[in-house]
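> Below are the sequence and a predicted model; questions follow.
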Amino acid sequence: MSDAASPPRTDWDRVTAIAAVLIGLVAVGVAAYTATLQRQQIRAQVWPRVLFYNAGMAGEFHIANKGVGPAVVRSVRVTVDGKPVRNWGQALTRLGLSDPAQKYSSLSGMVLSPGDDIGYLLPGDHAQFVALRHHVGDRLKLDLCYCSALDECWSTQNYSETLDDVQRPVDRCPAAGPGDFEN
């Protein structure tokens, strides 16, 4: 009789089970990574970018969506000398201006499709435009909050002080209140 121990026998069932678990973990990792990439692609496909600008030749103030997805305007805040105003008439009065022929478009609740360009404030004549433009950025400020179709939100300002203010991500837009801008 031999006292020598027999060589250990390979447990192929255990090796197969461990391999299956490892393959499953790799598959879960690949699926999670793929889902992350798909989410990023969808975000890029619906990304709005709202900008304010002056159409000097036309004598108008415009807002445009230069992104690839729709922008849902959730809130608009207009201030004169740091104090909120409720409408364009009140803004003009605080600025010491009068323009009975002025026209405007409501921005609150607007949905800007990609490529939309809308004149939101149309002074009565070019002289009124120049007078108002003189105050825009210094005394008259607009802050607009908008969201994408995926409910990701940004805030933008006219005449931003820094590039970060041109389009700043926010967790959510402020809820509408009784003191909000109504035009």
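The structure has been received and is ready for your questions.
> So for the closest residue to Ala58 other than its chain neighbours, what's the pLDDT?
Nearest non-adjacent residue to Ala58, counting by CB to CB, 6 or more residues apart in numbering: Gly119, 7.6 Å away. Where you see a C-beta, it was placed from the backbone N, CA and C, and this is true even at glycine. At Gly119, the predicted lDDT confidence score is 92.
> Tell me, how many residues neighbour Pro178?
Using other CB atoms under 10 Å, Pro178 has 6 other residues around it.
> Name the SS class of it, please.
coil (DSSP: H, G, I helix; E, B strand; the rest coil).
> how about it, what does it touch?
By CB atoms under 8 Å, 6 or more residues apart in numbering, Pro178 lies in contact with nothing.
> just use 874 as the starting number from now, easier for me
Yes, from this point I'll number from 874; that puts the last item at Pro1051.
> about what we covered before: quick check, the residue nearest to Ala931 in contact with Phe934.
Yes: judged on CB atoms under 8 Å, Gly992 makes contact with Phe934 at a distance of 6.9 Å.
> hey, what's in contact with both of those two?
Ala928.
> C-terminal to the longest strand anywhere in the chain, what's the next element?
Ranked by residue count under DSSP state E, the longest strand found in the chain is strand 944-953. Under the assignment DSSP states H and E, the closest C-terminal helix or strand after strand 944-953 is strand 956-958.
> For that next one, what does the pLDDT average out to?
Averaged over strand 956-958, pLDDT sits at 93.
> In three-state terms, label Ala908 for me.
Per three-state DSSP, Ala908 ends up helix.
> that older thread, just confirm the residue nearest to Ala931 is within a strand.
Yes: assigned with three-state DSSP, Gly992 falls within a strand.
> That one: what's it in contact with?
Gly992 sits in contact with 928, 931, 933-935, 978, where contact means CB under 8 Å, 6+ apart.
> can you tell me which of the residues you listed are in helices?
Applying DSSP state H to the contacts of Gly992, no entry is found in helices.
> For Val949, state which of those is nearest.
Ser978 (11.2 Å; CB to CB).
> Just the pLDDT for Ala917.
For Ala917, the pLDDT comes out at 78.
> tell me the SS of the closest residue to it other than its chain neighbours?
Nearest residue to Ala917 in three dimensions, chain neighbours excluded: Val941, at 7.4 Å (CB to CB, 6+ apart). Per three-state DSSP, the secondary structure class of Val941 is coil.
> okay, now Val941: neighbour count?
Val941, neighbours per other CB under 10 Å, totals 14.
> Val946 now?
Counted with other CB under 10 Å, Val946 comes out at 21.
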